[in-house]
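coords below, sequence missing:
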């Protein structure tokens, strides 16, 4: 066990020194041939990734780890990450779309908009995290997912929709939901 630990430390130090020298050589090459910094950083990042993968491979060999078990564990973790990513993708998409709508302001609260070709038309009452609330001409509230506002054409109409005057408590209750 002590021999494996010593071999691991020696291997890690050797790999670290090797890739440090390679990064230094890449920096000298950048200066010598006037390569852009962005290219140098890409090469540096690639060398870092390769050094981590090589370190992992050497440690697996030193410690005699069965690659079948590593593969099963890695694919299990990747499958779990994939399922979690798919589960929250629509939520994350709506949040990002809400942030982008907030900062780019393609329309504002109290603007009358039409979402084409779905022909959803109404006055914007609120731009929330996940959806935008519209009040239609027939006095219905429509919650439009923010991602839909990026997938469709939005037409801002100058004439506002005739809407009934809601009491402040009605509007507040509706916007909370």
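Right, received. Where do you want to start? Every value quoted in this text rests on a predicted model; they were computed, and no experiment measured them. Residues are numbered from 1 along each chain as shown.

for the rest of this, base every contact and every neighbour count on C-alpha atoms.
OK.

any idea how far residue 48 is from residue 41?
10 Å (Cα to Cα, to the nearest Å).

kindly report the same for residue 126.
For residue 126, the distance to residue 48 - Cα to Cα - is 46 Å.

same deal with residue 153?
From residue 153 to residue 48 the distance is 44 Å (Cα to Cα).

neighbour count: these two, which is higher?
residue 48 (16 against 13; other Cα atoms under 10 Å).

would it be right to say that that one lies in a helix?
Yes - per DSSP: H, G, I helix; E, B strand; the rest coil, residue 48 lies within a helix segment.

quick one: residues contacting the residue lying closest to it once chain neighbours are set aside.
Among residues not flanking residue 48 along the chain, residue 19 sits closest, at 7.6 Å (Cα to Cα, 6 or more residues apart in numbering). Taking Cα atoms under 8 Å, 6 or more residues apart in numbering as the contact definition, residue 19 lies against 47, 48, 51.

could you check how far residue 19 is from residue 35?
20 Å.

for residue 15, same thing?
From residue 15 over to residue 35 (counting by Cα to Cα), the distance is 26 Å.

who has more neighbours out of these two?
residue 15 (17 against 14).

that one is in contact with residue 55, isn't it?
Yes - between residue 15 and residue 55 there is a contact at 7.0 Å, judged by Cα atoms under 8 Å.

tell me who's in contact with the residue nearest the centre of the chain.
Residue closest to the average C-alpha location in the chain (Cα atoms, centre = their mean): residue 92, at 7.5 Å. By Cα under 8 Å, 6+ apart, no residues touch residue 92.

domain parsing for this structure?
What the record gives for the chain is the domain set 2-65, 66-177, from automatic domain parsing.
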